[in-house]
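Q: predicted coordinates and the sequence they were generated for:
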Amino acid sequence: MSAPGAPRSGETAEHVSAVDGDSLARAFRAGADSLTANAGAIDAINVFPVPDGDTGTNMASTMRAAVGEVALVSNGASARDVAAAASRGALIGAKGNSGVILSQILHGFAALSDDEPLDADALAFAFERAREAAYRVVSEPKEGTILTAIAAAANAASTHGEDLDECFAAAVEAARAAVARTPELLPVLKEAGVVDSGAQGLYVLLDGMLRGLRRQDLAPAEDLGSVDSAYLEATSAFHGSGGSGFCTEFVIEAPKIDAPALRGELQSMGESVLVVGDGDLVRVHIHASEPAAVLAYGRTIGVVSREKVDDLTRQIEAAAARRQATAPLVDGIAVIAVAAGSGIERLFHSLGAAAVVRGGQTMNPSAGEIRAAIAGTSAARVVVLPNNKNVVMAARQAAESTATAEVEVIPTSSVPEGVAALVALNTEAPFADNVASMLEASHAVRSAEVTRAARATRINGIDVAAGQPIAIVDGELAVSAGSIPAAVRAAVRRMIEGHDEPLVTLYYGEGEDAGSAEVIADGLRDELGCEVETVDGDQPHYPYLIGAE
Amino acid sequence: VPVRIVTDSTSDLPREVIDDLQISVVPLTISFGAESFRDGVDLDADRFYTRLQSEKELPKTSQPPPALFEHAYRHLTSQGDVVSVHLSHKFSGTVTTARSVAEQVAPGRINVVDSGSVSLGLGLCVVAAARAAHGGASRGECVAAAEAVASRLHVAVAFETLEYLRRGGRIGRANAFLGSLLRLKPILTVQDGEAAPLTRARSRSKAIDELAAMCARYAPVTDIAICSTTTPDDAAALAERVRAAVPSADVMLGRFGPVLGVHGGPGMLGIAVVQGNDGSDVVLRESATPST
């Protein structure tokens, strides 16, 4: 691990003497970026409390929700207001066990005084409150986890002097040292040959924040290795080591919720119970065998929203499948795809991808993760399909730094391009010919993404209101529409221009299901006479990805 | 007297080629329940495919009875030497039967060749042997001609459906190649005498593009054969396309017979190409020795 916040060569770090609202907002953003960059590597070492391989993704997603809320606070707001916004955003957007604990750390951290700007004492106080909040939320606190890391950071901050920069740096360094200690404190980590994923997540967050304050670049994402395969085999043998039932999460809104009482009641309904928040809004996380009963109970207390129920056994199996590279489809050639969304991952696996690295528009995998996947295939020749233009660079870095295999990156910039490339794989053709024909196949596809505009804008003469459905065709904003289906139809009409017998593929994701996709597909068949296939992509952020060929 | 060339009905050679080159074809047997037919003799392709799509039970195919080989070999050896070229032993016991009958009927006068292929691939090997025979080649040279083509043969067959391959229990390795989450048109090849996955396409037109691409992939191509089960128009269009792309190649247009058709089903379209070489053909001929 690199030293925390250490300036890289040729880079000048600003000495942080005080923190105001704007610089704290910058720190949170950098922390979120740092977590996002490291999410995949952290996922790969996730074993405790449940080896479902999502700690990094969940912490990054939670931190992005926090930063999203911070963005709504005006420039020049106080550090206290910024921290409160981050806390609110994290509470609403928290994902998973680690995300919920992170939301509490931010909640504690937000207990700042009105005195501006913040000095070292105020920072130490905030860390201390963050530590308390984190320990409070977990019913059976365990050392060797994120708790150990926040405690170490808080201790270091409180025993440090008057200099804010040194105080924060000491906290980061203490968190780093705590991460290294986690295998000694939590035996399951030692068995699995990894450090704790949540603790590492906190370290990466704090390191990113310090770099943000100092206006330094983020450290390159670290490759943390992966869970020992013998350990995985041993644990998967008895189905899940601590994970069964359903990971159930939701928010309850009601006046003056009694969180301790609620937690006590939920303890009897499942495991890994977390209840966070106070006053009128609480977030619940529980691993329960009967999620419906838990949700019904929640509704007796107040208005339940943001329900999310995941089958833990399936999550664990999916994580195990991701870790385990399958045999190459073609003798000696393995294909690695980068993709986000369980359906897209499944699709790439079903088409013969040896491994799928999770990542996409908002969570770019590191070169280290891609390199680890390449090494994991043990193939002499590897093709990498980045499937996003922001991932191409990391894929190329991974290819260049791999000496054990001949690696070619086909710079696919979308999922449909990646699918077309993989379909074109030929068992008889030499490697170079395969690379050429896969590249050609990827060029023969037009791609579109349908989403909602993040903000109001005017591009290419198209007016877009914030939240309005839009379609980006071949990387350019091409359509704004009154509804998601209308955006899909308009995009497809554009994409099939000039095609004789177009084949359109609709990958439905966030907020959409097979039923709504089929309705759109039927409309397209009737209206445009094109062949349409629908695929359950389950991708985040994009209700639809579209391919036309 | 030229060397006589024998093959089996799975070579799927067009009638005019069989007549022109005076090739003797031993039919395999097709059975719908208790009803049996001699392939290409009592049952033609059109009638077979019509019936295939309406029958609940898949018809069974079986190798020719030894008596048919015995009859053919006795008749032909009375005129001259014989070279008998057949489908891969991995698909059928036909070649084994042919060998044992040849040993009994006329030891040392009949060469039996396992083409390692089937249908149009086998057909191209047979044509090479027959052309050599008509050019006055010896038995050994005819064998070498067939074997040279077999070694430079590349086959790609596009399936419209895998249902028939599945029902016949012959899907094997191809299954893993065909993710079930997208509708894919599988394209198989023949490798080491067995069907093996080659690639896949998402539409029929793309699949046909893949077949056409075989000519460029294995350029220079000297001979091309194209077959279909129920879509002779597609086969003719593909033939036109490859003729335009490779004007120097010999293009043969045929029809998959029942033996392959029963596993491929309607819509199957295939191409076999022979990759030309730079004179190693001659070396092969010189080094070839008769085998039995």
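A: Arrived safely, thanks for sending.
Q: spell out which parts of the stretch 201-350 of chain A neighbour chain B.
A: Contact residues (CB under 8 Å from any CB of the partner chain) of the stretch 201-350 of chain A with chain B: A:Leu329, A:Arg346, A:Leu347, A:His349, A:Ser350. In this view, the C-beta of every residue, glycine as well, is placed from N, C-alpha and C.
Q: out of the residues you listed, the closest to A:Thr451 would be?
A: Here the nearest of those to A:Thr451, counting by CB to CB, is A:Leu347; it sits at 19.8 Å.
Q: quick one: contacts for that closest one?
A: Counting by CB atoms under 8 Å, 6 or more residues apart in numbering or on different chains, A:Leu347 touches A:Val419, A:Val535, A:Gly537, B:Gly179, B:Leu181, B:Leu182.
Q: try 10 Å
A: Shown in contact with A:Leu347 (CB atoms under 10 Å, 6 or more residues apart in numbering or on different chains): A:337, A:339, A:341, A:353, A:356, A:415, A:418-419, A:422, A:505, A:507, A:535-538, B:179, B:181-182.
Q: now the buried members of those residues.
A: Listed as buried from the contacts of A:Leu347 are A:337, A:339, A:341, A:353, A:356, A:415, A:418-419, A:422, A:505, A:507, A:535-538, B:179, B:181-182; burial here means 16 or more other CB atoms under 10 Å in any protein chain shown.
Q: in chain B, what residue spans correspond to strands?
A: B:4-8, B:23-26, B:29-32, B:35-38, B:60-62, B:82-86, B:110-114, B:153-158, B:185-191, B:194-201, B:221-228, B:250-255, B:269-275 (DSSP state E).
Q: just for the chain, where's the confidence low?
A: Unless you meant another one, I'm taking chain A. Scanning chain A for pLDDT under 70 picks out A:1-12, A:50-51, A:228-244, A:278, A:313-331, A:362.
Q: right idea, wrong chain: chain B
A: B:168-180, B:278-292.
Q: who's sitting farthest from the centroid in it?
A: Going by CA atoms, centre = their mean, the residue of chain B most distant from its centre is B:Leu181, 32.3 Å out.
Q: mind listing what it touches?
A: Taking CB under 10 Å, 6+ apart, we find B:Leu181 in contact with A:Gly343, A:Ile344, A:Arg346, A:Leu347, A:Phe348, A:His349, A:Ser350, A:Leu351, A:Val419, A:Glu533, A:Val535, A:Asp536.
Q: what's the first helix or strand after the helix or strand the fourth one falls within?
A: Here A:Leu347 sits within helix A:342-350, counting by DSSP states H and E. Tracing the chain C-terminally past helix A:342-350 and defining elements by DSSP H and E, one meets strand A:355-358 next.
Q: in terms of distance to B:Val82, which of the contacts of B:Leu181 ranks first?
A: A:Leu351 (48.2 Å).
Q: from B:Glu55, how far out is that closest one?
A: Distance of A:Leu351 to B:Glu55, given as CB to CB, to the nearest Å: 33 Å.
Q: for A:Ala424, same thing?
A: A:Ala424 is 36 Å from B:Glu55, where distance means CB to CB.
Q: neighbour-wise, which of these two wins?
A: A:Ala424 (24 against 11; other CB atoms under 10 Å in any protein chain shown).
Q: surely the more buried one meets A:Asn434?
A: Yes - A:Ala424 is within contact range of A:Asn434, at 8.0 Å (criterion: CB atoms under 10 Å).
Q: give me the common contacts of those two.
A: Common contacts of A:Ala424 and A:Asn434 (CB under 10 Å, 6+ apart): A:Ile410, B:Thr199.
Q: who are the packing partners of the host helix or strand of A:Ile252?
A: Taking DSSP H and E as the definition, A:Ile252 sits inside strand A:246-253. On a contact count with 3 or more CB pairs under 10 Å, 6 or more residues apart in numbering or on different chains; DSSP states H and E, strand A:246-253 meets helix A:79-93, helix A:96-109, helix A:259-267, strand A:270-278, strand A:281-288, helix A:291-301, strand A:303-311, helix A:312-323.
Q: ranking those by burial, who's on top?
A: Greatest average neighbour count among the helices and strands packed on strand A:246-253 goes to helix A:96-109 (a mean of 28), per mean count of other CB atoms under 10 Å in any protein chain shown.
Q: angle of the top helix by length along chain B against strand B:250-255?
A: Identified as the longest helix of chain B according to DSSP state H is helix B:119-134. Relative orientation of helix B:119-134 and strand B:250-255, computed by axes from the mean of the first three to the mean of the last three CA atoms, to 10 degrees: 130 degrees.
Q: ok, and for helix B:119-134, which residues are buried?
A: B:119-133.
Q: and it with strand B:4-8, angle?
A: Between helix B:119-134 and strand B:4-8, the angle comes out at 170 degrees (the same axes, to 10 degrees).
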